[in-house]
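Student: Let me see the structure of the following:
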Amino acid sequence: MKAKLPIFPIVVSGVCLALLLLLLAGCGLLPDKDPDELPENWPEDKLYYAAKDRLDSGSCNGAIEYYEKLQGRYPFGPYAAQAQIELGYCYYKQDETESAIAAIDRFMKLNPTHPHMDYAFYLRGLINFSSGKGLVERHLPRDSSQRDPGASLQAFNDFSELIKRFPDSRYVADSQLRMRHLRNILAQHEVNVANWYMRRGAFVAAANRARYVVENFQQTPAMPEALILMAKAYKVLELDDLSADALRVLETNYPNHPGIEEVKATKVH
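Tutor: Numbers count the residues shown, from 1 in each chain. All right, here's what the predicted structure looks like:
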């Protein structure tokens, strides 16, 4: 009787298995990936909800990828408007200010009667409100009045437009608080400029910037300093009546302010 050959199990190492799979794929024996599973081929609703899921999970960077694909493939679809505004929010959270403003402006232009237009104005205000505040400034903040006031002024206008057009919006209360803060920043910026002119002997320019604060930013913390600058500048310019008027307003509203004595001690050159 012939002896039976023993049967040994075939052991395929991980490397061999990988090589085998590569060979099979090269020969076309493995199925190709379904093109419908590629994000660039997804229908609009699938792209939107994939982006929304990432947004809700806190991954704005991942959400942007899907929102941008949706914008490219379905610019006028039923999800396009909401995707635009959410894309703007994601750019805002990623500190991509220019892209955020562009997304919001596109939303406003294409959807002038959208029910979330109040939020668009609010978000635009937030973007401008935070403009220029990079990572370093968040940890080592500096005086906001020292920055270019352009973004602060635009934020003020955005919040103002929201309040004017949508007085019953849920975002009005917060917008009003931010506008109050922005008024203080804008007023102090003008005072900073007036002080700069004073140090350089440009007294007419200094008086004009200070007067602008007095006329447009009453009840801000910068008001007394603006009155002091006005009184000093006019005194140096020998416009005694105007100087006396500014000093009188200062004494009436801030009777104990040390700037009163500063004005009185100012010498005419």
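Student: Setting aside sequence neighbours, what's the nearest residue to E161?
Tutor: Using Cβ to Cβ, 6 or more residues apart in numbering and skipping residues adjacent in sequence, the residue nearest E161 is F121, 5.5 Å away. (Glycine included, C-beta is placed from N, CA and C.)
Student: Could you give me the buried positions within the lengthiest helix in the chain?
Tutor: Looking across the chain with DSSP state H, the single longest helix is helix 172-199. Judged by neighbour count using 16 or more other Cβ atoms under 10 Å, the buried positions of helix 172-199 are 172, 175, 178-179, 182-194, 197-198.
Student: L250 reaches A231, doesn't it?
Tutor: Yes: A contact is recorded between L250 and A231 when judged using Cβ atoms under 8 Å, the distance being 6.6 Å.
Student: Among these two, which residue is more densely surrounded?
Tutor: More neighbours sit around A231 than around the other of L250 and A231, counting by other Cβ atoms under 10 Å; the figures are 28 against 22.
Student: Give the other helices and strands that the longest helix of the chain contacts.
Tutor: The contact analysis (3 or more Cβ pairs under 8 Å, 6 or more residues apart in numbering; DSSP states H and E) places helix 172-199 against helix 117-130, helix 150-165, helix 203-216, helix 223-236.
Student: for the closest residue to A207 other than its chain neighbours, what are its contacts?
Tutor: By the measure of Cβ to Cβ, 6+ apart, the closest residue to A207 outside its immediate chain neighbours is A233, 3.8 Å from it. A233 is in contact with A194, M198, F203, V204, A206, A207, A210, counting by Cβ atoms under 8 Å, 6 or more residues apart in numbering.
Student: Quick one: mean pLDDT for stretch 158-169?
Tutor: Taken as a whole, stretch 158-169 has an average pLDDT of 97.
Student: Give me the contact list for that stretch.
Tutor: By Cβ under 8 Å, 6+ apart, the residues outside stretch 158-169 that reach it are 117-118, 121-122, 124-125, 128, 171-172, 175-176, 178-179, 182.
Student: Kindly report the same for stretch 94-107.
Tutor: When contacts are taken as Cβ under 8 Å, 6+ apart, the neighbours of stretch 94-107 outside the stretch itself are 60-61, 64, 81, 84-85, 87-89, 91-92, 114, 120, 123-124, 127-128, 130-131, 134-135.
Student: in that stretch, what's buried?
Tutor: The neighbour-count criterion (16+ other Cβ under 10 Å) identifies E96, T97, S99, A100, I101, A103, I104, R106, F107 as the buried residues of stretch 94-107.
Student: same deal with stretch 219-233?
Tutor: Neighbour-count burial for stretch 219-233, with 16+ other Cβ under 10 Å as criterion, is recorded at 220, 222-233.
Student: Kindly report the same for stretch 113-121.
Tutor: If you call a residue buried by 16+ other Cβ under 10 Å, then stretch 113-121 has these buried ones: H114, M117, D118, Y119, A120, F121.
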